[in-house]
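Novice: After the sequence you'll find the predicted model.
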Amino acid sequence: MQRHTNKSNKKLFVLFASSLLAVNLLTACSSKKTSAINNRDDGVAIAETLSKPTNQSNNPARPSSTVASQKSVSVGDLAKPAVVQLASACAAQIPFSYKGSTKIYEVSAGGTGSGFFVSSDGYIVTNAHVIQASINPQKCQQALYEQYIQEVAQDVGVNPDELSSNPQAVQEIRNNFQNADIRPINNVLLPNGNYLPFDIQTSGAPVGQGKDVAVVKVQIKNAPVLKLADSEQVKTQDKIIAIGYPSLQLGALNSKSETEATISSGEISSTEKQLSDGSPVLQFNAAVTHGNSGGPVLNEKGEVVGITTFGSKNISGIGFAVTSNTIMEFVRQLAISNEQGAVDKLYNEGLQLYNQGQYAQAIEKLETVKRLFPQHSEVDKLIQESQEKIVAAK
């Protein structure tokens, strides 16, 4: 696979996003938009809490009030650092001359979706349809060619069929396209804004063609991990949250907001649905839309029960997820260890201490997380907030 620096990866990602034309990857999902949950008391909460340190239990001057110590850590806060955005596409800058002037067309084809780290050494689970442009680059290039013709035809003032019937124009289009530098975009956007190229490890096929699961890998260490649950234990009306990166109107949000995962909550609507090939899927009512594909659906324990895959275009609150047991088939095929590591443990402890008002101890945990995984999306903000609260309490 062609490699790019982080700077050029970002340029390609932005070029693709700015001229995104093709594939809205989440087949027929709810059109209802959701907003990111920024309040740390929102979302499904993990009931586990840490006991107050004994050396502070009799010291009312310390910020370890009963209310603070009873705050729980939300599943969303724990899971967000492990959820990533993927871009699978191809892009090019192609000239065309008309009436003595030449215009450069920036065209792209492909799509974006979501995924999550299933192991600390960089394995990421997503949908197969999210990375179709990377699996089948020839098909992506064909879509790119058609887009180029469409944009040229629009500028010339004719429909694409008329342009295709003009031998001189067709010859120039073909020559320009053949000489174009067509760049593959196979990138993962981490929650902190860093870009990494991915390699495909294994893949199924889009819904209707096979099991819509893929595993890709990036070069990284100590990544936060989401554990896979046993989806056979899921029951109707179980509480869940869905996390991902829904596609919004370009330019509607600033660059920082575009790297903020969206969290929506809901329930399992049905555990009895199957695809036409007999594969099980979970139906849920959390709001999801284009771009959520491949993002995790989590239970109240913070375990992945499935990945958002498709839904209804016209009816809000109808989403379907490929089950975690289906995902596990691909994970086992690669002999991946789906175990959480030191980063997950320390981050959990740091959040617990933060919510209990133990800010100095929280900083110690969170700074260790940062040393182990500098790309972590949440620790800088939490460390700064903890420092501010310590100063304000003096």
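Specialist: Thanks, I have it. Residues are numbered from 1 along each chain as shown.
Novice: got a pLDDT number for the most centrally placed residue in the chain?
Specialist: In the chain, the centroid-proximal residue (CA atoms, centre = their mean) is residue 114; its distance is 2.6 Å. Confidence at residue 114, expressed as pLDDT, is 97.
Novice: Pretty sure it sits in a strand.
Specialist: Yes - with DSSP: H, G, I helix; E, B strand; the rest coil as the criterion, residue 114 is part of a strand.
Novice: pLDDT below threshold where in the stretch 201-350 of the chain?
Specialist: 248-256 (pLDDT under 70).
Novice: Spell out, range by range, the helices that occur in it.
Specialist: 255-258, 324-333, 342-355 (DSSP state H, counting those that start in this stretch).
Novice: Out of these, flag the one nearest residue 284.
Specialist: Each of the helices of the stretch 201-350 of the chain has some distance to residue 284 by CB to CB; the shortest is helix 324-333, at 13.0 Å. Yep, even glycine has a C-beta here, placed from its N, CA and C like the rest.
Novice: list the buried ones in the closest one?
Specialist: 324, 325, 326, 327, 328, 330, 331 (16 or more other CB atoms under 10 Å).
Novice: if we can go back for a sec, want to try JSON lines for the helices of the stretch 201-350 of the chain, with distance to residue 145 as columns?
Specialist: Converted to JSON lines, these look like this (distance: least, CB to CB, whole Å):
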{"stretch": "helix 255-258", "distance to residue 145": "29"}
{"stretch": "helix 324-333", "distance to residue 145": "32"}
{"stretch": "helix 342-355", "distance to residue 145": "44"}
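Novice: The residue nearest to the centre of the chain bridge partners, please.
Specialist: residue 85 (DSSP bridges).
Novice: Start at 430, not 1
Specialist: Taking 430 as the first residue, the last one we looked at is residue 543.
Novice: right, and it touches residue 719 too?
Specialist: No - Residue 543 is beyond contact range of residue 719, at 10.6 Å (criterion: CB atoms under 8 Å).
Novice: name the helices or strands packed onto the helix or strand containing residue 817?
Specialist: Using DSSP states H and E, the element containing residue 817 is helix 808-822. Contacts defined by 3 or more CB pairs under 8 Å, 6 or more residues apart in numbering; DSSP states H and E place helix 808-822 against helix 771-784, helix 788-801.
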